[in-house]
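Asker: Provided below for reference: sequence and predicted model.
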Amino acid sequence: MAAADSPSAALRRRDLCSRGIRLAGKMRADVVDLLDAYVERQGLDASASVAAVEGVPPAAVERWDEQTGTQRLLENLAAYRAFRALLAQMLEEQREQLGDADAALGRALAAVLLQVSAFAYHLEELLRLESRGIPGEEGAGPPPPPRLSLFEQKLRGLGVLRELAQWAVRSARDLRQLAKPSPAAGSAPGLAESP
């Protein structure tokens with residue numbers, strides 16, 4: 001019996017998944033609050049159309065129900081590593097633009113950045129438990145952005161926060177799927193949860 005298949009490993013995986021689901025839920029709530037404050041303080045229209053953020057895989061995925069647990073974890077890890085870099089960049093831009101004039105927004109961005117970093121670490125723990133190697137971070141982040149105007153930076157920030165909120169929802173779904181016991185032989189795969 002492999003270490004990842006032992007009863008204690010299964011209990012540990014369920015525990016990590018449960019905690020991850022709670023973390024993702026808290027992160028989503030905080031991101032939604034931050035998104036509201038960001039739109040207001042940046043003077044943006046909440047319904048503004050924003051292009052996809054380069055370097056972040058979209059949360060929506062075709063054939064979600066056909067993905068393995070490891071695929072789900074690896075995609076989540078890649079996304080949160082990208083978000084960590086993007087949020088750090090947003091925080092730096094925020095400090096450059098406003099200094100201490102809007103400390104509340106800076107604190108909220110820093111808090112979400114901390115949650116994203118913690119969630120990425122949590123995903124790494126799950127991958128270790130699954131006896132999978134954790135991919136290195138070289139090249140894991142988004143490419144350095146071209147020099148953007150202030151308005152383009154604001155729109156990119158809006159896109160980052162919107163996509164992060166979507167990823168928090170997907171992550172909770174992925175962890176719920178991973179926490180389920182392995183299907184018994186003969187049961188239909190993919191019917192447990194649809195996208």
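Answerer: Perfect, I can see it now. Numbers count the residues shown, from 1 in each chain.

Asker: switch to C-alpha atoms for all contacts and neighbour counts from now on
Answerer: OK.

Asker: Low-confidence ranges, the chain, go.
Answerer: Counting by pLDDT under 70, the ranges of the chain that qualify are 1-5, 98-101, 132-133, 137-146, 182-195.

Asker: could you redo the last one with a cut-off of 90?
Answerer: 1-13, 41-71, 93-106, 129-156, 180-195 (pLDDT under 90).

Asker: from the chain's centre, how far out does stretch 114-133 sit?
Answerer: 11 Å (C-alpha atoms, centre = their mean, to the nearest Å).

Asker: And stretch 27-42, by the same measure?
Answerer: From the chain centre to the centre of stretch 27-42 is a distance of 15 Å (C-alpha atoms, centre = their mean).

Asker: Next, the buried residues of that stretch.
Answerer: M27, R28, D30, V31, V32, L34, L35, Y38, V39 (16 or more other C-alpha atoms under 10 Å).

Asker: Also stretch 167-183?
Answerer: So stretch 167-183, judged by 16+ other C-alpha under 10 Å, has buried residues 167-179.

Asker: what about the spatially closest residue to R72 that is not a sequence neighbour, which helix or strand?
Answerer: Among residues not flanking R72 along the chain, D174 sits closest, at 6.3 Å (C-alpha to C-alpha, 6 or more residues apart in numbering). Assessed by DSSP states H and E, D174 sits inside helix 150-179.

Asker: elements contacting that helix?
Answerer: Applying 3 or more C-alpha pairs under 8 Å, 6 or more residues apart in numbering; DSSP states H and E, one finds that helix 150-179 contacts helix 7-42, helix 69-98.

Asker: now the longest one and helix 150-179, what's the angle there?
Answerer: When you say that, I think you mean helix 7-42. 160 degrees (axes from the mean of the first three to the mean of the last three C-alpha atoms, to 10 degrees).

Asker: Tell me how far helix 7-42 lies from the chain's centre.
Answerer: That offset, for helix 7-42, works out to 9 Å (C-alpha atoms, centre = their mean).
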